[in-house]
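sequence? don't have it. structure:
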């Protein structure tokens with residue numbers, strides 16, 4: 001298994017970018033603006049010093065933010081099918097909260113396209129994002145959905161070495 005090590009600063013900057021990407025995807029799902037317009041708004045007008053709700057901190061990894069928003073929005077219809085596979089029979093993607101959907105779109109994008117980021121890190125990061133916005137069962141739903149997908153897309157990352165159990169932190 002390949003080792004993945006990023007600096008604490010890069011990890012923090014990517015974490016900030018993930019939250020902003022989810023907010024941007026939520027804005028896109030609201031239907032008011034195209035993804036490119038939303039990215040421009042975040043980069044030009046919604047960047048700020050603090051890391052409160054509603055924008056993007058200035059030290060967030062901007063290229064990572066742009067990549068997630070562009071990639072997740074471009075593949076949104078395909079990712080919606082993946083989300084639908086994890087819903088109860090009586091639910092549709094359109095029924096789930098748009099913010100929850102934005103979290104899942106971003107997480108699915110990273111699992112599918114960012115092999116340099118360990119699957120367990122992706123899952124943990126988006127569960128943490130969900131916890132910032134939800135206090136009910138939504139973080140658990142994010143965890144289950146992304147975990148199922150990660151095990152399908154990246155089975156090697158979840159195989160335990162012979163005679164050893166996998167470490168809970170992936171390392």
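Received, thanks. Just so it is clear, the model here is predicted, and its values are computed rather than measured. Numbers count the residues shown, from 1 in each chain.

in which helix or strand does residue 24 reside?
Per DSSP states H and E: residue 24 is located in helix 8-29.

which helices and strands sit right next to whatever helix or strand comes next after that helix?
Following helix 8-29 in sequence order, the next helix or strand is helix 35-44 (DSSP H and E). Using 3 or more Cβ pairs under 8 Å, 6 or more residues apart in numbering; DSSP states H and E as the contact criterion, the neighbours of helix 35-44 among helices and strands are helix 8-29, helix 62-74. C-beta coordinates here come from the backbone N, C-alpha and C atoms, glycine included.

touching the helix holding residue 24 from outside, list them.
Identification of contacts with helix 8-29 by Cβ atoms under 8 Å, 6 or more residues apart in numbering yields 6, 33-35, 38-39, 41-42, 51, 53-57, 59-62, 64-65, 68-69, 72-73, 98-99, 101-103, 105-106, 117, 125-126, 128-129, 132.

where does pLDDT dip in the protein?
Screening the chain residue by residue with the criterion pLDDT under 70, one finds the ranges 1-6, 45-55, 160-171.

closest to the centroid, which residue in it?
Using Cα atoms, centre = their mean, the residue of the chain that lies closest to the mean C-alpha position is residue 107, 2.8 Å off.

hang on, isn't it packed against residue 122?
Yes - the pair residue 107 and residue 122 passes the contact test of Cβ atoms under 8 Å, sitting 6.0 Å apart.

so what sits against both of the two?
Shared contacts of residue 107 and residue 122, defined by Cβ under 8 Å, 6+ apart, comprise residue 146.

would you mind measuring from residue 93 to residue 56?
Taking Cβ to Cβ, to the nearest Å as the measure, residue 93 and residue 56 are separated by 26 Å.

so which of the two has more stuff around it?
Summary of the neighbour comparison: residue 93 and residue 56, criterion other Cβ atoms under 10 Å, with residue 56 having more neighbours (24 against 17).

what number of residues are in the vicinity of the nearest residue to residue 143 once chain neighbours are set aside?
Ranked by Cβ to Cβ, 6 or more residues apart in numbering and with sequence neighbours excluded, the top spatial neighbour of residue 143 is residue 127, at 4.9 Å. As a burial measure, the neighbour count of residue 127 was computed by other Cβ under 10 Å and equals 20.
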